[in-house]
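J.: Show me the folded form of this:
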Amino acid sequence: MPNQTKQDNKELRRDFLKTSSKILLGATTLSSLGTHLFSTEIEERNYSLNLSKGENMNTLTPQAKENLQKLFGTSALPKEDLEFFTNYANFAFDEVWQKSNLKENERLLLILASLVALSAKEEFEIMLKATLKSKINPIAIKEIIYQATPYVGIAKVADALVITNKIFKQQGVKLPLESQSTTNQQNRREKGFEIQKNIFGTAIEKSYDSTPAHKKHINEFLSANCFGDYYTRKGLDLAFRELITFVYLISMGGVEPQVKAHIQGNLNMGNDKTKLIAVVTALVPYIGYPKSLNALNAIDEIAK
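T.: Residues are numbered from 1 along each chain as shown. Now for the predicted structure:
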């Protein structure tokens, strides 16, 4: 009997350890769904489409599966929330992909800009890897992040840069990248003001003239820092820089006056109403419907 008791205890202890390991593994997976969402280490399961049994909830559409494979190298989804991620993948990488009608490189850079503004670190890292896999120039990626600074603030940008530099090093991208600056301390304000006039026309001069003396330094900051330090850089053309500014603003939300001003700026730069709506469409899975609808209403109001 004592020997039998010892054996029983060993089996109980072994079963307990197995159960504990499974619990810990499940907790780890759930706490890091973002980083493992499209991991090649996840076992991929094949699901047959059977509408009568509702199994379509676990089935990727052909278009979604193709896009996931192309961007992430796998179409495997986390089993813990399989229905949720299937819905997300089918929506974001099939329906939205088709309706937004953007070029792939353009789409990925716009999504990256949105994720910087949202401070969505894990999703940003996933999309960054997909962007590099799509052979997008690292300089363009860095410029997307740099230009976010005057709109979303240094804290979010610093987080994005830490992630980006880590992934760049892992992917063999040599740092620092080639400088894209075209201004210096002496001419940045003048050059920035010229960019503002290119985008907003004479309205920017009227704004300078009508600003009270105690706030004029903010106007000067905008010319020298926001536009002089960032918009004057190489790596992205001016029309695309204005487009990603629109993305930063609608992703943050609550800045409708600035959204409307930059809708007009985009129209002035040749990014028409159809283009702006396509951008909002591409971002619906990331920014949600309230921000998207607000952006669409603003577009309708300004682009009459």
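
J.: My read is that Ala64 contacts Phe85, right?
T.: No - assessed by Cβ atoms under 8 Å, Ala64 is found out of contact with Phe85, at 10.7 Å. The way it works is simple: take the backbone N, C-alpha and C, and place the C-beta from them, glycine included.

J.: and the end-to-end length of stretch 265-280?
T.: End-to-end distance for stretch 265-280, by Cα to Cα, to the nearest Å: 16 Å.

J.: Need the residues that contact that stretch.
T.: By Cβ atoms under 8 Å, 6 or more residues apart in numbering, the surrounding residues in contact with stretch 265-280 are 100-102, 110, 198-201, 238-239, 242-243, 245-247, 250, 263, 292, 295-296, 299, 302-303.

J.: Could you pull up the mean pLDDT of it?
T.: Average pLDDT, stretch 265-280: 98.

J.: one step back: can you select the buried ones from the contacts of stretch 265-280 in PyMOL?
T.: Buried residues among the contacts of stretch 265-280 (16 or more other Cβ atoms under 10 Å), as a PyMOL selection:
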select buried, resi 100+102+110+198+199+200+242+243+245+246+247+250+263+292+295+296+299+302
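
J.: if you look at the contacts of stretch 265-280, which of them are in helices?
T.: Residues of the contacts of stretch 265-280 located in helices (DSSP state H): 100, 110, 198-200, 238-239, 242-243, 245-247, 250, 263, 292, 295-296, 299, 302.

J.: nearest spatial neighbour of Asn101, skipping sequence neighbours?
T.: Ala278 (5.7 Å; Cβ to Cβ, 6 or more residues apart in numbering).

J.: What strand or helix carries the one you found?
T.: Taking DSSP states H and E as the definition, Ala278 sits inside helix 273-287.

J.: tell me how far that helix is from the chain's mean position?
T.: With Cα atoms, centre = their mean, to the nearest Å as the basis, helix 273-287 stands 12 Å off its chain's centre.

J.: Can you list the buried residues in it?
T.: Buried residues in helix 273-287, counting neighbours by 16+ other Cβ under 10 Å, are found at 275-287.

J.: Likewise for stretch 202-213?
T.: Buried residues in stretch 202-213, counted by 16+ other Cβ under 10 Å: Ile204.

J.: number of nearby residues for the nearest residue to Pro138 once chain neighbours are set aside?
T.: In space, and not counting its chain neighbours, Pro138 is closest to Val173: 5.0 Å by Cβ to Cβ, 6+ apart. By the criterion of other Cβ atoms under 10 Å, Val173 has 16 neighbours.

J.: What distance do you get for Val173 to Leu132?
T.: The gap separating Val173 from Leu132 is 8 Å, by Cβ to Cβ, to the nearest Å.
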